[in-house]
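1. Provided below are the primary sequence and the corresponding predicted coordinates.
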Amino acid sequence: MMVDLNEYWQEEEPSGMICLGSKDDQAELFWQLHTEEEAYVERPVDDLGLHLSSRLADAPARAKNKRTYFHVKPFIWQARIILTVALGDEPVEATSLNNFVDTPAIGRVVASDESHYERFSVGMGQAYLLPAR
């Protein structure tokens, strides 16, 4: 189920299956992906906002390089189910698959629609791919 991506997300790819509680309850996992190549000056780890020691912070910057930024957003498609319920004046006896219901029903489902699907995010990831030295 491919849909138009907004300007930020460049690709949408299937990734595999994900367990949702039990091994029998699985959904197909997809990735939204954004990549960007950017120039950077190789410095100690302060480029990423980390300061480990004054010795590293005082080290000279190396040549300008390019790195690739990856931003991924895994998601599953979730059905948007809309039920139309006819409410009754008096409660009726409800039934279920196992015929055990404590409460009487207040109406019945007369129509259902699950033609719309929406993304349900299950995480977020970011990484840089740096060139080998």
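-> Here it is on my side, so go on.

2. Worst mean pLDDT across the helices and strands of the protein, which element?
-> Counting by mean pLDDT, DSSP states H and E, the chain has its least confident helix or strand at helix 54-57, which shows a mean of 47.

3. next helix or strand past that one?
-> Once helix 54-57 ends, the next helix or strand along the chain (criterion: DSSP states H and E) is strand 64-92.

4. Now that following strand: buried residues?
-> Buried positions in strand 64-92, judged by neighbour count with 16 or more other Cβ atoms under 10 Å: H71, V72, K73, P74, F75, I76. C-beta here means a position set from N, CA and C on the backbone, and glycine is covered the same way.

5. List just the nearest of those to I18.
-> Among those, I76 lies closest to I18 (Cβ to Cβ), at 6.7 Å.

6. residues in contact with the closest residue to the closest one other than its chain neighbours?
-> Taking Cβ to Cβ, 6 or more residues apart in numbering, and ignoring the residues beside it in sequence, I76 has A27 as its nearest neighbour in space, at 4.3 Å. Contact analysis of A27 by Cβ atoms under 8 Å, 6 or more residues apart in numbering lists M17, I18, L20, I76, W77.

7. Same check on Y8?
-> Residues in contact with Y8 (Cβ under 8 Å, 6+ apart) are H34.

8. I'd guess it is in a strand, am I close?
-> No - looking at Y8 with DSSP: H, G, I helix; E, B strand; the rest coil, it is coil, so not inside a strand.

9. E114 contacts R80, correct?
-> Yes - the criterion here is Cβ atoms under 8 Å, and E114 meets it with R80 at 6.8 Å.

10. just for this protein, where's the confidence low?
-> 1-5, 42-64, 90-104, 133 (pLDDT under 70).

11. Please repeat the previous calculation with a cut-off of 90.
-> The model of the chain has pLDDT under 90 over residues 1-8, 13, 15-16, 18-27, 38-67, 78-80, 85-110, 114-117, 128-133.

12. Tell me if the residue nearest to I76 really is in a strand.
-> Yes - under three-state DSSP, A27 sits within a strand.

13. And it, how far from S112?
-> 20 Å (Cβ to Cβ, to the nearest Å).

14. Quick one: residues contacting K73.
-> Residues in contact with K73, defined by Cβ under 8 Å, 6+ apart, are W9, W31, Q32, L33, S121, G123, M124, G125.
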